[in-house]
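Chemist: Sharing a sequence plus its predicted fold:
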Amino acid sequence: MEWLNTILQGILLGGLYAMFAAGLALIFGVMRLVNIAHGDLIVLAAYIALMAVEALGVNPLVALIIVVPLMAAIGYVLQRGILNRTLGEDLLPPLLVTFGLSVIIQNALLELFTADSRKLNAGNIEIASIHLGGGLAVGTLPLIQFALAILVIAALQWLFYRTALGRAFRATSDDQSVAQLMGLNNAHVFALAMALSLAVVALAGVLLAVRANFDPSIGPARLIFGFEAVIIGGLGSMWGTLAGGIIIGVAQAIGAKLDPGWNLLAGHLAFLLVLALKPEGLFPKVDRQ
Amino acid sequence: MPERLLEVRALDAHYGDFQALFGVSMAVAAGAVVAVIGANGAGKSTLLRCIAGAMPSRSDAVLFDGVPVGDQPAHAVVARGIALVPEGRRLFPSLTVEENLRIGGQLGRPGPWSLDRVYELFPILKERREQPAPSLSGGQQQMVALGRALMSNPRLLLCDEISLGLAPIVVRDIYARLPAIVGEGISLIIVEQDIVQALRVASHVYCLQEGRVALEGEARAMTREKIAAAYFGV
Amino acid sequence: MSVRVEHSNWFSRIGTAIALAAAVALAVAPWWADRADLRLLSEIYAYVALASLWNLLAGYAGLVSVGQQAYVGLGAYLLFALAMLMGVHPLVAIPIAALATAIISVPVAALMFRLRGHYFAIGTWVVAEVFRLAAAQFTALDGGSGTSLPAAVVLSIASTREMREFIIYWIALAQAVAILGAIVWLLRSRYGLALTAIRDSELGARSNGVDVARIKYLVYVAVAFGTAMVGGLIFVQKIRISPDTAFSVNDWTAFVIFITVIGGIGRIEGPIIGTVVFFILRQTLADLGAIYLLILGAVAIVVMLKAPKGIWGLIADRFGWQVFPLERRLVIEKP
């Protein structure tokens, strides 16, 4: 029974990881860019929420109203102003520029907020739990986070395959120059994709801040979890990303149960195992490598 | 309103160090069908790409309706009413037939062409509308490419080697639909290797040879000898 | 009529002469530099070596790894294990640890090469994290809190502190010179030609019969070996090791990448110039703490956007200079 609880916790944690991964997968799908600063942007969102909460005295979940559009705007400007210039055949420029960005964000946050661990308080909802009978219980907040993750992924799927914007994303990703011939302004399309990605990042950041302690240095680990979820799930598949996140979450939970120091290692080993046995991922849609 | 829908003035084009076009000049009247012929590498595709904005030029090298558009990016040129059917079709592989057509129309330019009208012109596409674009035959893909360009309701349609890789009967089939397109008031520039087919539909002909205009004139005034001389540069 | 390939030009002859003179001057540094300077120089040599190795991996073989700290740390940890748990002399342990690291890097490469491009990059980071976490679990070397070399081990290097500093300094210099030399030699050989071909066009290289996969493997393992050698020495000098310092992304990857990018990627002279610039920045700005790193990140971004070939790239393209004789010019002599 305890094990069942552990696995359940892992699944719910996986939802959060899937949200980290969704933004990453979206960007890579549309413009072949891996944003090394992705994790640090999640942390940035957490700190912006912190500022909103301290300035306005609202519940962190309410602060989302500010954080999400703000991060989306940051994403648009970032892509249009800097990252669009790095896109191309060579993978070094975007990798190095986003690496530089990661360092800048981490150290800017360090200067502004110090290395102290912070956490956002969402009120009673944090301790509420739902009893499923038979000794199983799930926290209400983790359950909400998981539900949100599913919602986000479903929304992204719907956007990609049922809307004009999603069509524009897929067309631009297929063939940039012909997309231009159709009247699509690539610079604008890519910027919209990044704005969308950072909107998801904003949600993930706030949920992270409410769930656990955060400080300027935890960004890279979030990037790695998100990345592992994408690879395990398989490129091109959003639902695969959810599965990947869940696998990482469950692996970490099981690892922690065996030995507290083992949780991160267990997640990484699960990733390496999938890489060794099924490198294209568990649910690959399209081999775009 | 200027009689010349499109005017190309002393257009140069480069790929890095390599110069592909040398001072090419051309005029297309409204409602005309202009054929551009020439050997491989003569610069025909380059010319179309410059007109469509896919390659940058001097601002006054390309005048559309009297307005200089040479330095405009492709997405702005389409908005003005010039659409390109690219060489090799270049459909979007991740999109279905219908999605490919819809993308063509996403600028929302007003005009007679809509999804229904494209399906009227190419009924086979309606049958295959939900299929992924790459699953169609070469001829059908060419129809999608044409339809996609038409969806932007252009005033000038640029067709780059639409007969490429297609069986003669398929080529004839496609060319048979061109009158329906021109009849709506769209002007056409056709780049073709199939000279016979091109001359059949065109009112004017330009022959490019190594990046220069070697011959130009009305189609009915062309003789085999003149074309051969211009084509091969003898 | 005979045809031969000429590598040097007039500038490279001057450059090589200057480099040799500098090497001699640095070799006798213990006699003209003080202790702090020697330590600084050792650090510079380590970074020149690490950056040159990363440059070979990413700039020439196209394997952009952000996980080389895995091998710095692994080389260091294996050395500590050999010295403290198996009684191997620390200086002898350096190459042994490096060799063991190279062997471990083979299956890692097999796994990593299943990923491409950006995903390869992050994959290497994951591997480094795995090593770091594993080291933290390795209780024989005090796990997460780290450990120090016992006095007996330190004394076995040399009996006086001065002598120890000199020996470590010379080994650091020797490592940098050897690694640079090996890289120049490699690039002048036909492997180097293959690498340059791969760098310019992998598909083109493959269709010309270059065994791209095998060469990438060789380069990856060789670089792991070199990186571990440098890592081992770094921590012999520090005497103290911990998982976070041994496998630090900032110290062994971020700084290395910035050095290579700012100096000029894909050219041998780049990492040297980059290291000099890096240390000048560090000496002048280090007091600013986090702001210093922020500036470093900003400089890297600006360089990447405005001058993607780095400082040396700009100079070399403009003037055709090269310090090391690496270009290939065909010289045809008429009979």
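Modeler: All right, it came through fine. Residues are numbered from 1 along each chain as shown, chains lettered A, B, ... in the order given.
Chemist: pLDDT weak spots in chain A?
Modeler: Where chain A drops to pLDDT under 70, the residues are A:1, A:286-289.
Chemist: Leaving out chain neighbours, which residue sits closest to residue B:204?
Modeler: Of all residues not flanking residue B:204 in the chain, residue B:34 sits nearest, at 4.7 Å (Cβ to Cβ, 6 or more residues apart in numbering or on different chains). Yep, even glycine has a C-beta here, placed from its N, CA and C like the rest.
Chemist: Can you show me the helices along the stretch 1-150 of chain C?
Modeler: For the stretch 1-150 of chain C, applying DSSP state H, counting those that start in this stretch gives helices covering C:10-27, C:35-54, C:69-85, C:90-112, C:117-137.
Chemist: And the stretch 101-250 of chain A, by the same measure?
Modeler: So, for the stretch 101-250 of chain A - with DSSP H, counting those that start in this stretch - the helices run A:140-162, A:164-174, A:176-181, A:186-211, A:219-233, A:238-258.
Chemist: in the first one, what's buried?
Modeler: Across helix A:140-162, burial judged by 16 or more other Cβ atoms under 10 Å in any protein chain shown covers A:141-146, A:148-149, A:152-153, A:156, A:159-160.
Chemist: thought residue B:84 was touching residue A:181?
Modeler: Yes. Assessed by Cβ atoms under 8 Å, residue B:84 is found in contact with residue A:181 at 5.2 Å.
Chemist: isn't residue C:149 right next to residue C:239, touching?
Modeler: Yes. Contact criterion Cβ under 8 Å: residue C:149 and residue C:239 qualify, at 4.9 Å.
Chemist: more neighbours, those two?
Modeler: Taking neighbours as other Cβ atoms under 10 Å in any protein chain shown, residue C:149 and residue C:239 compare with residue C:149 leading, 21 against 15.
Chemist: And the more buried one, how close does it get to residue C:36?
Modeler: Separation of residue C:149 from residue C:36 (Cβ to Cβ, to the nearest Å) stands at 21 Å.
Chemist: before we move on, back to that, who wins for proximity to residue C:199 among the helices of the stretch 101-250 of chain A?
Modeler: helix A:176-181 (24.2 Å; Cβ to Cβ).
Chemist: which secondary structure element contains the residue lying closest to residue B:6 once chain neighbours are set aside?
Modeler: Among residues not flanking residue B:6 along the chain, residue B:28 sits closest, at 4.2 Å (Cβ to Cβ, 6+ apart). Taking DSSP states H and E as the criterion, residue B:28 maps to strand B:18-29.
Chemist: Partner strands of that strand, with direction?
Modeler: Using DSSP bridges, the strands paired with strand B:18-29 are strand B:4-15 (antiparallel).
Chemist: Mind naming the longest helix for chain B?
Modeler: In chain B, assigned by DSSP state H, the helix with the most residues is helix B:168-183.
Chemist: which other helices and strands contact that helix?
Modeler: Helix B:168-183 makes packing contacts with helix B:115-121, helix B:138-150, strand B:187-192, helix B:195-201 when contacts are defined by 3 or more Cβ pairs under 8 Å, 6 or more residues apart in numbering or on different chains; DSSP states H and E.
Chemist: Just tell me which of these ends up closest to chain A.
Modeler: Closest of those to chain A is helix B:138-150, at 7.3 Å (criterion: Cβ to the nearest Cβ).
Chemist: Tell me which other helices or strands that closest one touches.
Modeler: Taking 3+ Cβ pairs under 8 Å, 6+ apart as the contact cut, helix B:138-150 packs with strand B:82-85, helix B:97-104, helix B:115-121, helix B:123-127, strand B:156-160, helix B:168-183.
Chemist: need the contact list for residue 251.
Modeler: No chain in the question, so chain A it is. By Cβ atoms under 8 Å, 6 or more residues apart in numbering or on different chains, residue A:251 lies in contact with A:10, A:266-267, A:269-270.
Chemist: I was after chain C.
Modeler: So, once contact is read as Cβ under 8 Å, 6+ apart, residue C:251 ends up touching C:69, C:245.
Chemist: any idea how far residue A:7 is from residue A:149?
Modeler: 17 Å.
Chemist: Equivalent analysis for residue C:285, please.
Modeler: 42 Å.
Chemist: Student question: in chain B, what's the helix or strand with minimum average pLDDT?
Modeler: The helix or strand of chain B with the poorest confidence is helix B:224-232; it has a mean of 78 (mean pLDDT, DSSP states H and E).
Chemist: Return the set of buried residues in that one.
Modeler: B:227, B:230-231.
Chemist: Give me the pLDDT value at the residue nearest to residue B:134 when sequence neighbours are not counted.
Modeler: Nearest non-adjacent residue to residue B:134, counting by Cβ to Cβ, 6+ apart: residue B:93, 5.0 Å away. Here the pLDDT value assigned to residue B:93 is 93.
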